[in-house]
Structure formats: C-alpha cells, structure tokens
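*Asks:* please work out how this folds:
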Amino acid sequence: MTKPRPTSMHRDGDVEHHAFSDGSRLSVRVDWTPEDAATGLVREWLDGLTDTDHTQVAQQHRTIRDAAGKPIGYLISPDEYEEGQRAISTVNGDAYGHKGDQYMPFQHAPNATTDRIINTETLERIITKIRHGSVEAAADLTAEEKRTIHYEALVAALSFGFDPDSRGMVPVLTPGRVTDSPTAAEYYWSLLYPTPVAGLFVRADDAILGHIHYTIVAGSGYKLVGDFWEREYADELAVKLGKAMPGLDWFQVNNTTLTTELKQTAVEIIREHGRWRREPPAAPATESEV
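*Replies:* Numbering: from 1, shown residues only. Modelled structure (predicted):
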C-alpha cells in the first residue's frame, strides 16, 4: 500500500497545515521559541515518529528561533543529518582529494609536524594521478619522471613556517606608524623575539653605548615599554602583563582598546618590575652547597 502524498500546504504563523492525497490532514509547528521548545518540541517530534503514513511531513526539521526571529537551533531527522555529513565529506573531498590520496595542509604542511619534515608523499600521489591517470602508474614511471614529480610536490608543499632563526627571532607583520601616509594602515615585517605570552614580543633596539636595549611590543605594533638591558628580564615582565590582563588580544591592542583601568594596571606592573634587575639572579647551587 502506497503512502499518501502531500497535495497542498498553507501556513498560519508558526504552523504548517498539510493536506494529503487520501484526504487526511496534518498540522506541524515548524518554528518554536526556546520556552515552547523546552516543553513541547520533543514530545511533538516523538509523536510524529509513530505517524508512518505522513513521515515526510511529520519528521521534517523544526527550527528554534530567538525573539528577533534568528535561528538558534534545529531538530532534524537522521536522514537529514546523514545527508549533511555526506555533503561535508564530498566538499572536503573535492577540495583536498579523497581519502587515501588527499593533501590536507593542516596535517601535511611543514609547520604541521613537530620535526618540520616536508611531507611530499601525499602530493606525489596526487600529481601522479593527475599526470598519468592513476596512482598505480607510479610503478611504471622512469627515474626522471619520478624525480620531476618529487620536485613538483616539494615546491607545492613549501610554506613559510615562521620558525625562529638562529637567534630565536621570528618575522611578525605589524602595522606601521607612518603618520603622514594617506593609507589607513601601513604594514611592515619585523624580526622579534617571541615571549611566553601570545601576541607579546621583544624587539632588539640599536645599541646604546655598546649595549643592545630591548623593547616590549604587541603584535599590533603598539609599544609598551623599552630600555631593558636583559631580554630575559623583559620576558619576565611580559609574563606578568599577560597574567594581569588575560584574554586581551595583543594583536589588536592600541590606544583606544586599552582602557584607563588597563593602562593603570600596566603602569603599576611596569613600575614595580623596573627595567633592570635590582639584584643579580642567584647562581645555581653547586653539589657541595646542596
């Protein structure tokens, strides 16, 4: 026996009224407020599971909306959920390749591995499939053809990992402070020392009297305080600032985002910490002293 099919529908507010080919009718509330959903949505949905004649309507998705009418949640059937998962898998497969021959930058890029080894094997399979029709064709390639594919994969895999250089510095793109420029935001690359606080860096300034001074700067280019004689001591101050102002996005910090209270907090911490050690750090204890 065939199930009755929907023939017409009209909507009255949050409720859809459906008519079917066998003359039956079914009303379904499709939009719910959070308050009503907490008391009636699941019950209506479970009741609809028993209505096998009108499954297409009884199990259609429901929407929970806030006071402004914006969707904040959905109740969907298993079929709709599975269809969505398959769609996501298809999109990812088309973008990165399908399982077994896919190249995913967040897994295979040089800066995604702990030892920074460039992974070219996955890309080589993809290039082989594109150029020669199948991954299995690699077995019949000449040494020169394999070498060409390897170099092509190597070029494709290379990316900037922003690893520290031999001095421990990293390149950071920060806004400039060109006041006479018509451009709203000028950016430039700086080589800075990272600190334990995300978004806070230490800049090595020109030598004064033969000694390098260090300045704490934010990732936004905002200068906090300078004239440190020890980079490690500047790091210690950065940690104190980070702990005192958790959640602050140092890549967005400027005069407008720093409130008077935050500035006062920073000033007090900087004043208490100072720009140089008042006492030299204690030497490690020797075995005889222990």
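
*Asks:* got a list of contacts for the helix or strand that contains Leu262?
*Replies:* Per DSSP states H and E: Leu262 is located in helix 260-273. Contact with helix 260-273 is made by 224-225, 236-237, 240-241, 244-245, 248, 258, as judged by C-beta atoms under 8 Å, 6 or more residues apart in numbering. Bear in mind the C-beta positions are built from the backbone N, C-alpha and C, glycine included.

*Asks:* show me the shaky parts of the stretch 151-290 of the chain.
*Replies:* Applying pLDDT under 70 to the stretch 151-290 of the chain flags residues 157-167, 175-188, 206-211, 279-290.

*Asks:* hang on, the earlier thing: could I get the buried residue list for the helix holding Leu262?
*Replies:* Neighbour-count burial for helix 260-273 flags 266, 269-270, 273 (criterion: 16 or more other C-beta atoms under 10 Å).

*Asks:* contact partners for Trp32?
*Replies:* 14, 40-41, 62-65.

*Asks:* at 6 Å instead, please
*Replies:* For Trp32, the contact set (C-beta atoms under 6 Å, 6 or more residues apart in numbering) comprises 41, 64.

*Asks:* quick one: it from Asp47, how far?
*Replies:* According to C-beta to C-beta, to the nearest Å, Trp32 stands 15 Å off from Asp47.

*Asks:* then Met9?
*Replies:* 19 Å.

*Asks:* mind putting the buried residues of helix 260-273 in JSON lines, distance to Gln85 included?
*Replies:* Formatted as JSON lines, these follow (distance: C-beta to C-beta, whole Å):
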{"residue": "Ala266", "distance to Gln85": "48"}
{"residue": "Ile269", "distance to Gln85": "49"}
{"residue": "Ile270", "distance to Gln85": "52"}
{"residue": "His273", "distance to Gln85": "53"}
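
*Asks:* tell me the one among the residues you listed nearest to Ser220.
*Replies:* Using C-beta to C-beta, Ala266 comes nearest to Ser220 of the buried residues of helix 260-273, at 14.3 Å.

*Asks:* give me phi/psi at the residue nearest to Asp22 when sequence neighbours are not counted?
*Replies:* Spatially, and ignoring its direct neighbours in sequence, Asp22 is nearest to Pro4 (4.0 Å; C-beta to C-beta, 6 or more residues apart in numbering). Phi and psi for Pro4, reported as degrees, to the nearest 10, are phi -60, psi 140.

*Asks:* kindly report the same for the one 5 residues further on.
*Replies:* Met9 has phi and psi values of phi -150, psi 140 when expressed as degrees, to the nearest 10.

*Asks:* next, count neighbours for it.
*Replies:* By other C-beta atoms under 10 Å, 12 other residues sit near Met9.

*Asks:* that one against Val15, yeah?
*Replies:* No. Here Met9 does not reach Val15: they are 10.6 Å apart, not a contact under C-beta atoms under 6 Å.

*Asks:* list the contacts for Val197?
*Replies:* By C-beta under 6 Å, 6+ apart, Val197 lies in contact with 238, 242.

*Asks:* the contacts of helix 260-273, buried ones only, as a PyMOL selection?
*Replies:* Command for PyMOL that selects the buried part of the contacts of helix 260-273, burial taken from 16+ other C-beta under 10 Å:
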select buried, resi 224+225+237+241+245+248+258
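
*Asks:* keep only those of the contacts of helix 260-273 that are in strands.
*Replies:* 224-225 (DSSP state E).

*Asks:* out of the contacts of helix 260-273, which is nearest to Ile72?
*Replies:* Nearest to Ile72 among the contacts of helix 260-273 is Leu248, at 29.0 Å by C-beta to C-beta.

*Asks:* leaving out chain neighbours, which residue sits closest to the closest one?
*Replies:* Of all residues not flanking Leu248 in the chain, Leu262 sits nearest, at 7.4 Å (C-beta to C-beta, 6+ apart).
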